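Asks: compute the structure for the input listed below.
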Amino acid sequence: MRRLASELLARHRGLAVVGAINLLAAAVFLLLSLFDSATVLGVNRWVKPFKFAISVGIYLWTIAWFLPYLAVGKRISGTLGWAIAVLLFFENGLVFTQAIRGVRSHFNFETGLD
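Replies: Residues are numbered from 1 along each chain as shown. The predicted model follows:
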């Protein structure tokens, strides 16, 4: 695992770190789902953030792994990787925030914030 982590960090630090943050968050959300019985539309409110965190973590690590093979310059691939990492970090932040609030994260037009 240490070798994988060092390789991912060498390929793209931002994607590797944000991917790890998401996978750690997934573990937290899994634990929260065991102890919190609050639901959104009949489903535990931590299920959706868990699914998003695990899938985005795997996705970011996959992008980090294959990004160096992209037939563009190192600067463009680095910028692209950072853009993906930052955007998905904020997207998941919004999904997690809505879970904390106990409301739907998608197709929710109840308030201006939603």
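Asks: please count neighbours and contacts with C-alpha atoms only from this point.
Replies: Will do.
Asks: what residues sit buried inside the lengthiest helix in the chain?
Replies: Assignment by DSSP state H gives helix 74-101 as the longest helix of the chain. Going by neighbour count (16 or more other C-alpha atoms under 10 Å), the buried part of helix 74-101 is 77-78, 81-82, 85, 88-89, 92, 94-96, 98-99.
Asks: could you identify the most distant pair in those residues?
Replies: Maximum pairwise distance among the buried residues of helix 74-101 (C-alpha to C-alpha): 32.8 Å, between S77 and A99.
Asks: mind listing what L32 touches?
Replies: Neighbour list for L32: W46 [criterion: C-alpha atoms under 8 Å, 6 or more residues apart in numbering].
Asks: quickly find the element holding it.
Replies: If you go by DSSP states H and E, L32 is part of helix 13-35.
Asks: in the chain, which helix or strand is least confident?
Replies: Taking mean pLDDT, DSSP states H and E as the measure, the helix or strand of the chain with the lowest value is strand 39-40, at a mean of 80.
Asks: how far off centre is whatever helix or strand comes next after that one?
Replies: Under the assignment DSSP H and E, the closest C-terminal helix or strand after strand 39-40 is strand 43-44. The chain centre lies 19 Å from the centre of strand 43-44; the measure is C-alpha atoms, centre = their mean, to the nearest Å.
Asks: next SSE downstream of strand 43-44?
Replies: Next in line after strand 43-44, if elements are assigned by DSSP H and E, sits helix 47-66.
Asks: who's in contact with that next one?
Replies: With contact meaning C-alpha under 8 Å, 6+ apart, helix 47-66 is reached by 8, 11-12, 15-16, 18-23, 25-27, 29-30, 33, 81, 85, 88, 92, 95-96, 99.
Asks: just the buried subset of the residues you listed, please.
Replies: Burial by neighbour count, judged by 16+ other C-alpha under 10 Å, picks out 8, 11-12, 15-16, 18-23, 25-26, 29-30, 33, 81, 85, 88, 92, 95-96, 99 from those.
Asks: quick one on the thing from earlier: okay, now the sheet partners of the least confident helix or strand of the chain, with direction.
Replies: Partners of strand 39-40 in the sheet, by DSSP bridges, are strand 43-44 (antiparallel).
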